[in-house]
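Chemist: Predicted model and sequence below, questions to follow.
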Amino acid sequence: MKKIFILLSVLVVIVFATKSARALFSSQAKTASLTFTTGNADLQISADSQNWSNTLAVASNHNNMSSGYSSSQDFYLKNNSLSPISLKISVRLEDFSPTENAPAWPIIGDKIHITFQKLIGTQWTDVATANLKDWRDSTQDIDTLSQNTASQYRFQVTLDDVDNTHAGQSLSNLSFKFTGLQSP
Amino acid sequence: MKIILTLVSFLLLYFKVSLPVLATFNSTATYHSLSFSIAEQNPPQSEIEELPFQVTNQNSVPITVKALDDSGVQKIFLYYSFNFGPWILFDEAQSGQYQFNFSAPQGDGLYSFRSLAVDIYNHLEDKEEDFFSSQLKFDTTAPTSNLIIFPATHSSLSATLDNNNPLFVQDIFIPQSVSAHLDFAFRFRSQDIAEYNFFDVYLTDSSGENILEKILTYGNLDSSNLDHDSGWLHLSRNLSHLAGKFFKLIFRLTDLNHDSDTTSVLEIADLQTHLLDSRLPLNPDLNLLVTDLGSEIIDYPTLSPLEVGENIVSVSATDSAGNSELPQHYPIVVLPDLVINRVDKYAFTLFNNSLTQVLDLSNLTYSLNNSSPLTIDSSQLSPLQSLTVFFPSTQTTANLKLFQDDNLVTSFQADDLDNFYWQRQFSGLGPWLKIASLPTVNLESRLSVSKITLTISGLATTLADMSYTIDYQDAAGDQQIFGQILPEQIDEQGFVSRDFFLGTCSSGGTCVPASGLSKKFMVTFSNLAPQEFNFE
């Protein structure tokens, strides 16, 4: 019982101390029933803007690439949050087979370039570009989506000039992770 | 516990504050199962199999390409260069034996070949340009052989045609009794295809309106190459069938795309017409001109020595592509320089056939009807000139033999010289003709329209006196018509006809018949006795 009172005291202090603070998302509290309704953030991905999910498998892989290789796939991101919040979207590459991929990273990691483009009107506009290694090591912001809005993006792969010192190298089991962070 | 929660709720309501947020919301979506790999980077290699021949007279030939790659060949491109021009894609093969049926898209000429392979990773073969490792000459045209004796009828002509000057016309006359051929070289540059841009070479009659025959129509047949250059090509055509005619040789450049920026240029050079007189003197300077459009001649015709008399010269050439010319046969009569040209009952005529040589007659004698040698008074005879040698007495037959230093040069036997004389069809040469010595003169009257017609038959073209007179009377007194029969008015049968109007005509073309015409006409021709024609 003593612990309960201590917790209650702390709570009261916090309430007073943050009286003027604003919530970063909206929530509702109904006093009549004294219930709380909280929001959530939900970033979804789709290949066709019809079927939404939190994961999307690539349509085709990029095997046996040669100099001048170029390929792209379009996809959609949607802020499907229940709360009226915007999501700031950042991207980073995750390697789920680091042991197997370890030999190839220093050889071809900087030869493969990934560019994300966004369709604005009828024009594709670059929003972030880096080589594969940089995508693995750092995060880049690509867009901000309002609640219940979706945009079309393009995932574009290009390859620098390569020679037989790069031949036979492969990187697999990689994922691009899009993180939608509540935006003030 | 319930008391505590109630207390918290009370505090929150009392101070009207919201619950503070300690962390922002976030969500993730993943684009997963990505993989990347780099293919082997070795380009493929290809090689055109050695062609079994270097020149062909076929319209198309198979070309096989071998290719190797570490991973696999996707396809092979076959390029060609025409006469060392730019490389042009002919076709591509994607599987199987990589065999191409090459069809010489730019016609006859020298083609160089180059193959480039692409592997399954789109690596393109890296190969030096080489015009010589794989070459094939297409030549589907047989060579042309022509005999040349006389120099060209005119100096070599040249011309350049373009859109502003698209026509070139050359008048040509080929004498009777000669054969002839036409030679010219041309170079055609065009930036359009033959459908819109080409040139014609053809022969017309003297008016230029009626085409006698077409010699050549040429244009760029390769739509993939709009920068066509034919290079210099040479063409010959036999014109023997046009002997004795006047005609026009016309080059006409046609450009149906007048508004386009494309231009075309036709250059013509070495345009010559060679004549070949089938009547040759001894030891003629006879040469052969053998030409081939596509490849070299490997089998030249040879000329056998010509003998006095009739010769048939047959020539045929074969080129390295295996094209053989159909044999051409030239009938040639070779006569001695000095020939008997005309024989009548009073004399015979000698003729110098040589084009350039003055003949020495000092050692020349003749026998008449097996007589002992008789001398000839003149000592020399100029080229293409005649000399009349009178018999010691009038003859009815003449077995003539000419001797040079007691060697028989030529002979001729003429008979019935009372009524006929003999002469060659052409001056100095040609077959002998037996011609009535007394031409027949006739006069036909159409006095109702004030016209008369004079006809003379049995005429030779070489009568010394070819004049005629027609005497008659009208109301004004004695009248006479006088004129000459010209050689070109006599037809091949020795016949000539002339119409005369009896009256006066003004310069405006109005004719007034003579009045008071007599019915009697006196006609005198050459040295024949006058003949009277009475139309009473």
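Modeler: Here it is on my side, so go on. Residues are numbered from 1 along each chain as shown, chains lettered A, B, ... in the order given.

Chemist: From now on I want contacts and neighbour counts done on CA atoms only, so please keep to that.
Modeler: Noted.

Chemist: Assign residue A:136 to helix, strand or coil.
Modeler: Here residue A:136 is recorded as helix under DSSP: H, G, I helix; E, B strand; the rest coil.

Chemist: Apart from its neighbours in sequence, what residue is nearest it?
Modeler: Among residues not flanking residue A:136 along the chain, residue A:93 sits closest, at 4.5 Å (Cα to Cα, 6 or more residues apart in numbering or on different chains).

Chemist: Please report how far that neighbour lies from residue A:139.
Modeler: Remark: distance between residue A:93 and residue A:139 (Cα to Cα, to the nearest Å) = 8 Å.

Chemist: between those two, who's got more neighbours?
Modeler: Remark: of residue A:93 and residue A:139, residue A:93 carries more neighbours, 22 against 15, as counted by other Cα atoms under 10 Å in any protein chain shown.

Chemist: and the more buried one, what does it touch?
Modeler: A:132, A:135, A:136, A:137, A:174, A:175, A:176, A:177 (Cα atoms under 8 Å, 6 or more residues apart in numbering or on different chains).

Chemist: The fifth one and residue A:100 touch, don't they?
Modeler: No: counting by Cα atoms under 8 Å, residue A:100 is not a contact partner of residue A:174; they are 11.4 Å apart.

Chemist: Looking at the two, which has the bigger crowd around it?
Modeler: Comparing residue A:174 with residue A:100 by other Cα under 10 Å, the one with more neighbours is residue A:174, at 20 against 14.

Chemist: Find the helix or strand that the more buried one is a member of.
Modeler: strand A:170-183 (DSSP states H and E).

Chemist: and for that strand, what are the contacting residues?
Modeler: Outside strand A:170-183, the residues within contact range by Cα under 8 Å, 6+ apart are A:41-43, A:63, A:85-97, A:101, A:104-105, A:144, B:24-38.

Chemist: let's see it at 7 Å
Modeler: Outside strand A:170-183, the residues within contact range by Cα atoms under 7 Å, 6 or more residues apart in numbering or on different chains are A:43, A:85-97, A:101, A:104, B:24-38.

Chemist: Show me which of these are buried.
Modeler: Neighbour-count burial (16 or more other Cα atoms under 10 Å in any protein chain shown) is assigned, among the contacts of strand A:170-183, to A:43, A:85-95, A:101, A:104, B:25-38.

Chemist: list the buried ones in the strand or helix carrying residue B:403?
Modeler: Assigned by DSSP H and E, residue B:403 falls within strand B:398-404. Buried residues in strand B:398-404, counted by 16+ other Cα under 10 Å: B:398, B:400, B:401, B:402, B:403.

Chemist: Quick one, grab the pLDDT at the fourth one.
Modeler: In the predicted model, residue B:402 carries a pLDDT score of 88.

Chemist: show me the residues around it that make contact.
Modeler: With contacts defined as Cα under 7 Å, 6+ apart, residue B:402 is in contact with B:365, B:366, B:367, B:408, B:409, B:410, B:411.

Chemist: So which of those residues wins on neighbours?
Modeler: Highest neighbour count within those, by other Cα under 10 Å: residue B:366, with 23 neighbours.

Chemist: any idea how far it lies from residue B:302?
Modeler: The gap separating residue B:366 from residue B:302 is 38 Å, by Cα to Cα.

Chemist: Residue A:89 pairs with what?
Modeler: Per DSSP bridges, the residues bridged to residue A:89 are residue A:143, residue A:180.

Chemist: Retrieve the pLDDT associated with the nearest residue to residue B:136 once chain neighbours are set aside.
Modeler: Leaving aside its chain neighbours, residue B:136 sits nearest to residue B:54 (4.9 Å; criterion: Cα to Cα, 6+ apart). According to the prediction, residue B:54 has pLDDT 83.

Chemist: Tell me if I'm right that residue B:54 and residue B:138 touch.
Modeler: No: Residue B:54 is not in contact with residue B:138 according to Cα atoms under 7 Å; the separation is 8.8 Å.

Chemist: Looking at those two now, which is surrounded by more residues?
Modeler: The residue with more neighbours, out of residue B:54 and residue B:138, is residue B:138; 25 against 14, by other Cα under 10 Å.

Chemist: quick one: the more buried one and residue B:55 touch, right?
Modeler: Yes: counting by Cα under 7 Å, residue B:55 is a contact partner of residue B:138 at 5.8 Å.

Chemist: Can you find the helix or strand in chain A with the smallest mean pLDDT?
Modeler: Within chain A, no helix or strand scores below strand A:28-30, which has a mean of 34 by mean pLDDT, DSSP states H and E.

Chemist: Quick one, which of the contacts of residue A:93 are buried?
Modeler: Among the contacts of residue A:93, the ones that count as buried by 16+ other Cα under 10 Å are A:132, A:135, A:136, A:174, A:175, A:176, A:177.

Chemist: and of these, the nearest to residue B:264?
Modeler: Among those, residue A:132 lies closest to residue B:264 (Cα to Cα), at 56.1 Å.

Chemist: what comes up buried for the strand or helix carrying residue B:311?
Modeler: When elements are assigned from DSSP H and E, residue B:311 belongs to strand B:309-315. The neighbour-count check on strand B:309-315 (16+ other Cα under 10 Å) flags B:311, B:313, B:314, B:315 as buried.

Chemist: filter the residues you listed down to the ones near chain A?
Modeler: When the buried residues of strand B:309-315 are checked against chain A using Cα under 7 Å from any Cα of the partner chain, none falls in range.

Chemist: Residue B:210: neighbour count?
Modeler: Residues near residue B:210, counting by other Cα under 10 Å, number 12.

Chemist: Contact partners for the spatially closest residue to it that is not a sequence neighbour?
Modeler: Spatial nearest neighbour of residue B:210, excluding adjacent residues (Cα to Cα, 6+ apart): residue B:204 at 5.2 Å. Contacts for residue B:204 (Cα under 7 Å, 6+ apart) come out as B:210, B:211, B:212, B:247, B:248, B:249.

Chemist: In a markdown table, list the residues you listed along with pLDDT.
Modeler: As requested, those are exported to a markdown table (pLDDT from 0 to 100):
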| residue | pLDDT |
| --- | --- |
| B:210 | 90 |
| B:211 | 90 |
| B:212 | 88 |
| B:247 | 90 |
| B:248 | 92 |
| B:249 | 92 |
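
Chemist: Noted, bye for now.
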